[in-house]
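**Q** Mind folding the following:
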Amino acid sequence: MREPDANQFKKPREDVVVSVCFSELAAMPATFGALRDLAGTLDSAYRFREIILVVDDTQRAAFLDLVREVPNTRLFVVRRGTEYYDRRVIAAEESIGDLVILGHLEEIAALDVLAFLDFAEAENAVTMAFRPERKPFKRLLAWPFIALGKLAGFNVDPSEFQSIAVPRTLLNLLLAHDEPRLALRFPPRDPRLPREWFRTGAKVASRTAFTGIGRRLALLQTLLVYLTPTLLTVVAISSALLTLVGLAYAAWIVGAVLLVEHLAEGWLTTNAMLAVSATFMGFSTLGLSLGLQHLLKQQRRLKGDLVPEEVNRIDLFQQVAFDLNVVLESDTPAPPPEA
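**A** Predicted structure coming up:
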């Protein structure tokens, strides 16, 4: 006779709120079934949890039944064509959990999600799922992204799992980063953001080297754009050197005119034009690069066009207070005035 599983009698935790966020979902029965299974798994271990879905506005109707069926599921709709990395930022900003997963549904279905959350909480680190077995061909395709990521200060490897688990404090640091779109997918190299690997042997069949080519091109562009300040610094230094070379060349021409009695015909005009051109190009490029660097420093990240529409609103804080029999200050009646 098989012994009963002790975990099935374990009381769900009440000291932590868990948020699981998905920013790329297909409106199909398999997706809905996987989300229902995930909700059941989370409910068996945590009393308070939420599932956040960020979908295209064209998929709103397809997910409404699921939202009504699965409690504490929040649905956000965005414009069709909104970038994948922008959707992750939206999901992270809207989450309220003490532990947050930014996940890919097929990966989460293959992982032990409860162990994933426990590991992130125990290590108090940005936890990334890691598959030890790697194909050399995938590694070869990923090396340009890895190199650019190191230059930009990110741990970039597009062939790794997209799912991360992170405590709330560290998530706030990721959202405060200059480029949160990259930071939430590829944690930056920052001592304030410890990173750990959750090793798994799980394989996701749909993940291939050529899956999401458009997304990888967008990642390449984002990395290059993020490197703009560094490139502008290199341009500024090289322009300053070119200016110095042009001025030195002009001084040499003046010295030649003063010291040499007979110069070849056209020598002075040709070399003077070269000196003036070098100096002008150096000054102008230096001024443009410094001006662009100043504008980049003054620029503020605008998020007005990334605000999603929340289809259903839930008050998880109120639910926690009610279930735990906590009286909020705002709900406490004021004492009568003294006579």
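**Q** Would you enumerate the residues in contact with Arg88?
**A** Contact analysis of Arg88 by C-beta atoms under 8 Å, 6 or more residues apart in numbering lists Cys21, Ser23, Leu102, Arg181, Leu184, Arg185. Quick note: C-beta positions are derived from backbone N, CA and C, even for glycine.
**Q** distance of the spatially closest residue to Val70 that is not a sequence neighbour from Arg49?
**A** For Val70, ignoring the flanking residues on the chain, the nearest one in space by C-beta to C-beta, 6 or more residues apart in numbering is Ala39 at 4.8 Å. Using C-beta to C-beta, to the nearest Å, Ala39 is found at 8 Å from Arg49.
**Q** so what are the domain limits for this protein?
**A** 6-219+308-322, 228-298 (automatic domain parsing).
**Q** Return the most buried member of those domains.
**A** Highest mean neighbour count among the domains of the chain (mean count of other C-beta atoms under 10 Å): domain 6-219+308-322, with a mean of 17.
**Q** what pLDDT, on average, does that one get?
**A** Mean pLDDT, domain 6-219+308-322: 83.
**Q** and it, how far from the chain's centre?
**A** Put simply, domain 6-219+308-322 sits 11 Å off its chain's centre (C-alpha atoms, centre = their mean, to the nearest Å).
**Q** Over to stretch 220-233?
**A** In terms of C-alpha atoms, centre = their mean, the centre of stretch 220-233 is found 16 Å from the chain centre.
**Q** end-to-end on it?
**A** With C-alpha to C-alpha, to the nearest Å as the measure, stretch 220-233 spans 20 Å from end to end.
**Q** Show me the contact partners of that stretch.
**A** With C-beta under 8 Å, 6+ apart as the test, stretch 220-233 has contacts from 85, 144-145, 148-149, 151-152, 154, 156, 178-179, 181-182, 289, 292-293, 296.
**Q** From the contact counts, what lies against the one helix or strand Val54 maps to?
**A** Using DSSP states H and E, Val54 sits in strand 46-56. In terms of contacts (3 or more C-beta pairs under 8 Å, 6 or more residues apart in numbering; DSSP states H and E), strand 46-56 is packed against strand 13-22, helix 29-45, helix 60-69, strand 73-78, helix 84-94, helix 316-323.
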